[in-house]
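Colleague: below: sequence and its predicted model.
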Amino acid sequence: MDFLGLLTRHWGSIVGKLHGEDVFAPLLLHGEGGITQANDWARGFMRGVRLHYKSWKELFDHKEQAYLLVSILVLAHEHDPDPEMRPLEGNIDVERREELILGIATGVTAIYRYFAPQRRRMEARFTAERTAYRQAER
């Protein structure tokens, strides 16, 4: 199986978990001393956000829901060289890191649900365009 196929399967399994009742658990690697850092996962998530920031801006600006991104942002920027971007001074202790990772798991599920209306609008638009295209072909 090629890379795109594996990526598609992984994406599908994540969507299945988020759409169903399963709990989302990010794929994390253990670092030094067996501690799960989650920084790489959080930075990767933020790279994905930057690919289409325009769509995410609504959540970042939302007064009641923006907190869903906090755990991801803290871990993504924990080791930033720019002190203005670094949310916390020093290293995060193991207990706090575990809380942040739990925040990722619950946050991603809530983020998925937050964007459900947008996904439905996109799906309806796609269906309408596909229907119009089929009718134009006739």
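Modeller: That came through, no problem.

Colleague: alpha carbons of the lowest-mean-pLDDT helix or strand in the chain, as PDB, please.
Modeller: Ranked by mean pLDDT, DSSP states H and E, the weakest helix or strand in the chain is helix 116-137, scoring a mean of 78. In PDB, the C-alpha atoms belonging to helix 116-137 read as follows (Å, rounded to 0.1, in the frame of the first residue of the first chain):
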ATOM      1  CA  ALA A 116     -20.000  19.800  12.300                       C
ATOM      2  CA  PRO A 117     -22.300  22.600  10.900                       C
ATOM      3  CA  GLN A 118     -19.500  23.800   8.600                       C
ATOM      4  CA  ARG A 119     -18.900  20.200   7.300                       C
ATOM      5  CA  ARG A 120     -22.700  19.800   6.700                       C
ATOM      6  CA  ARG A 121     -22.800  23.100   4.700                       C
ATOM      7  CA  MET A 122     -19.800  22.000   2.600                       C
ATOM      8  CA  GLU A 123     -21.300  18.600   2.000                       C
ATOM      9  CA  ALA A 124     -24.600  20.100   0.900                       C
ATOM     10  CA  ARG A 125     -22.800  22.500  -1.400                       C
ATOM     11  CA  PHE A 126     -20.800  19.600  -2.900                       C
ATOM     12  CA  THR A 127     -24.000  17.600  -3.400                       C
ATOM     13  CA  ALA A 128     -25.700  20.500  -5.100                       C
ATOM     14  CA  GLU A 129     -22.700  21.100  -7.400                       C
ATOM     15  CA  ARG A 130     -22.600  17.400  -8.300                       C
ATOM     16  CA  THR A 131     -26.300  17.300  -9.000                       C
ATOM     17  CA  ALA A 132     -26.100  20.400 -11.200                       C
ATOM     18  CA  TYR A 133     -23.100  18.900 -13.100                       C
ATOM     19  CA  ARG A 134     -25.100  15.600 -13.700                       C
ATOM     20  CA  GLN A 135     -28.100  17.600 -14.900                       C
ATOM     21  CA  ALA A 136     -25.900  19.700 -17.200                       C
ATOM     22  CA  GLU A 137     -24.400  16.500 -18.700                       C
END
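
Colleague: low-confidence ranges, the protein, go.
Modeller: 1, 85-91, 132-138 (pLDDT under 70).

Colleague: mind listing the helices for it?
Modeller: Listed in chain order, the helices of the chain (DSSP state H) span 3-19, 39-51, 53-61, 70-76, 94-114, 116-137.
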